[in-house]
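Enquirer: sequence? don't have it. structure:
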């Protein structure tokens, strides 16, 4: 099978932006390669008709998903620590937020590139203290454009984790969850927005004014949890509607012997339910004593007395 060779003219920054947006729907992806060939001397644009102008996109699964150690390395390069240098296209994948509030300048759903499909976005920013005195960091969202009267803030969950490489601690990681309240004094409600914040050094808390890097994503509820909860509720509902059958008392009186007349005392008291009951009358045959007429209590089960005993 012979394949036709195809070529696309694209620069590095255009490729980086396409990798970053590979998860976007096909209709929203940038088809233009965004690059041109120029003469190195006069910078005249050379005819590019020999290359494809429409970008075909990248395979599903291509994405920017660095590990904890790799994010700390990008942070080291951003801060100029050691001999590390920033990658030329790092600002396409981890832009810097140059605002006083840092990541708290807006709701995470309004951040550039934020989606609710499980994908992550990354940002560099400087941390600031919440108050003039003390070391408590700013966690409350300050969104001047937000018309909703909600109080939204990040809350740390769990302990601060260390980021190790080859047995050496390079930084720390904090996990935060976004909470919101509809009005002041009401109970805080947990949202699905999660942030992993990384800072350099061995101290548990980041210092004011230093750069940190954060990974933010919308945590989707697992389908297996929904299925298990639904199944458990269904089983509980079925079990509540089922009742075990009860066994009635079935103590049967001893049958009368030949030549004897059964008396009412032969039936043990309480061996059969007292009600409802019906009277069964045994007809008297000729030659039988007058007390052969017997009334028996029965419930659910008929007591049969053979004529041979009468």
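Expert: Cool, got the structure. Nothing here was measured: the structure is a model prediction, and the numbers come from that model. Numbering: from 1, shown residues only.
Enquirer: how about the strands of this structure, start to end?
Expert: Here the chain has its strands, by DSSP state E, at 120-126, 151-156, 161-165, 168-181, 189-200, 211-218, 278-281, 295-298.
Enquirer: now the second one: buried residues?
Expert: Judged by neighbour count (16 or more other Cβ atoms under 10 Å), strand 151-156 contains these buried residues: 151, 152, 153, 154. All C-beta atoms are positioned from the backbone trio N, CA, C, and that covers glycine.
Enquirer: hmm, residue 170 is touching residue 74, no?
Expert: No: with contact defined as Cβ atoms under 8 Å, residue 170 and residue 74 do not form a contacting pair (11.5 Å).
Enquirer: tabulate the strands of the chain (JSON lines), appending mean pLDDT.
Expert: JSON lines is the format used below for the strands of the chain (pLDDT from 0 to 100):
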{"stretch": "strand 120-126", "mean pLDDT": "96"}
{"stretch": "strand 151-156", "mean pLDDT": "93"}
{"stretch": "strand 161-165", "mean pLDDT": "97"}
{"stretch": "strand 168-181", "mean pLDDT": "96"}
{"stretch": "strand 189-200", "mean pLDDT": "97"}
{"stretch": "strand 211-218", "mean pLDDT": "97"}
{"stretch": "strand 278-281", "mean pLDDT": "47"}
{"stretch": "strand 295-298", "mean pLDDT": "46"}
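Enquirer: save those strands as CSV, and put in distance to residue 97 too.
Expert: Converted to CSV, the strands of the chain look like this (distance: least, Cβ to Cβ, whole Å):
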stretch, distance to residue 97
strand 120-126, 4
strand 151-156, 14
strand 161-165, 21
strand 168-181, 16
strand 189-200, 13
strand 211-218, 9
strand 278-281, 89
strand 295-298, 89
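Enquirer: quick check, residue 219 in contact with residue 191.
Expert: No: using Cβ under 8 Å, residue 219 is not in contact with residue 191, being 9.2 Å away.
Enquirer: who has more neighbours out of these two?
Expert: It is residue 191, of residue 219 and residue 191, that has more neighbours when counted by other Cβ atoms under 10 Å, with 16 against 12.
Enquirer: not counting its neighbours along the chain, what's nearest that one?
Expert: Nearest-residue entry for residue 191: residue 178, 4.6 Å, with adjacent residues in sequence omitted and distances by Cβ to Cβ, 6 or more residues apart in numbering.
Enquirer: does that neighbour really touch residue 151, like I thought?
Expert: No: counting by Cβ under 8 Å, residue 178 does not reach residue 151; the two are 11.3 Å apart.
Enquirer: ok, residue 155 - contacts?
Expert: 139, 176, 177, 178, 179 (Cβ atoms under 8 Å, 6 or more residues apart in numbering).
Enquirer: gap between it and residue 181?
Expert: 12 Å (Cβ to Cβ, to the nearest Å).
Enquirer: same check on residue 106?
Expert: 18 Å.
Enquirer: between the two, point out the one with more neighbours.
Expert: More crowded of residue 106 and residue 181, by other Cβ under 10 Å: residue 106, with 20 against 15.
Enquirer: quick one: the helices in the chain?
Expert: 12-20, 68-79, 90-93, 223-241 (DSSP state H).
Enquirer: count the neighbours of residue 89 for me.
Expert: 15.
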